[in-house]
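J.: Return a 3D structure for these sequence lines:
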Amino acid sequence: MFGRLSPVVKNLIIINALMWLATMVLPKFASIDLNAYLGLHYFEASKFNISQIITYMFMHSGFEHLFFNMFSLFMFGSLLENAWGSKRFLTYYILTGIGAALAQEITWYFSLRDFSDEVARIAANGLNGPLYLGNKVVSSAPELLKYKDFILNRFITVGASGSVFGLLLAFGMIFPNMRLYIFPLPIPIKAKYFVIFYGLFELFAGIRSVSGLSSDNVAHFAHLGGLVFGLILILIWRRTTNDNNFNQMY
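T.: Okay, here's the model as predicted:
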């Protein structure tokens, strides 16, 4: 089965698996945390690098995270690559991943804006005495700004989920009536309905997460970013190409 995978899908799975193995091995033998370097950081953090909007999608937090993303890529990717061709498929995969990264940065911005503004205000006005931040005691503006950067650097997102959600959206649009068996549902569901339900679930979960009602540590709005950017790309390609795989979608 693995040998019959389309070439880009096969190579993406191999690259992601190798990067995950590297994240497991390098900390033990070289004290290198690849997620800290290649994972997506908040753009105001000192460890942010623009290349992370691409590198983060090849990193994963654990085997379960890797398995489900690569299984989804395995399930939906080859059909799409065969329909579009390898070049367009890879372009779509990377761009939806970038779209997910931008959506996550926007989510972080609105979540962290009040914290950043308050720290900047206190630092600008000067500290009248020690500032107690949990177990941390800050006694000067430079220390406070250093603490702020420490907090911002703790926000990291990794994983191919944004691109995978983009693939799911494309699959639902190109093969809308293909029936999928989704555990634990006892009956199959058409791909187009699965995409709609999953998208609504991610929106609901994302709203709960940013409002503080849930702390599942999942980048729901990054997933939605992959869906939205995927939809935009497909609509653009449908208007600018003569490929029947786009013109006959509904």
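
J.: What average pLDDT does the top helix by length along the chain get?
T.: In the chain, with assignment by DSSP state H, the single longest helix is helix 86-125. The average pLDDT within helix 86-125 is 91.

J.: what packs against it?
T.: Using 3 or more Cβ pairs under 8 Å, 6 or more residues apart in numbering; DSSP states H and E as the contact test, the elements touching helix 86-125 are helix 7-29, strand 40-41, helix 52-55, helix 63-84, helix 141-152, helix 161-174, helix 191-210, helix 220-240. C-beta coordinates here come from the backbone N, C-alpha and C atoms, glycine included.

J.: residues making contact with the fifth one?
T.: Contacts to helix 141-152, defined as Cβ atoms under 8 Å, 6 or more residues apart in numbering, come from residues 41-42, 44-46, 112, 115-116, 119, 122-124, 126-127, 131, 133, 136, 138.

J.: now do the last one
T.: With Cβ under 8 Å, 6+ apart as the contact definition, helix 220-240 has outside contacts at 88, 92, 95-104, 106-107, 157, 161-170, 173, 195, 199, 202-203, 205-206, 209-210, 243, 246-247, 249.

J.: The nearest residue to Tyr56 once chain neighbours are set aside: neighbouring residues, count only.
T.: Excluding the flanking residues, the one nearest Tyr56 by Cβ to Cβ, 6 or more residues apart in numbering is Leu40, at 3.7 Å. Neighbour count for Leu40, taken as other Cβ atoms under 10 Å: 30.

J.: I'd say Leu40 and Val158 touch.
T.: Yes: the pair Leu40 and Val158 passes the contact test of Cβ atoms under 8 Å, sitting 7.0 Å apart.

J.: Mind listing the shared neighbours of the two?
T.: Tyr56.

J.: ok so, going back, of all the helices and strands packed on helix 86-125, which one is nearest Ile182?
T.: With Cβ to Cβ, the closest approach to Ile182 among the helices and strands packed on helix 86-125 belongs to helix 191-210: 6.5 Å.
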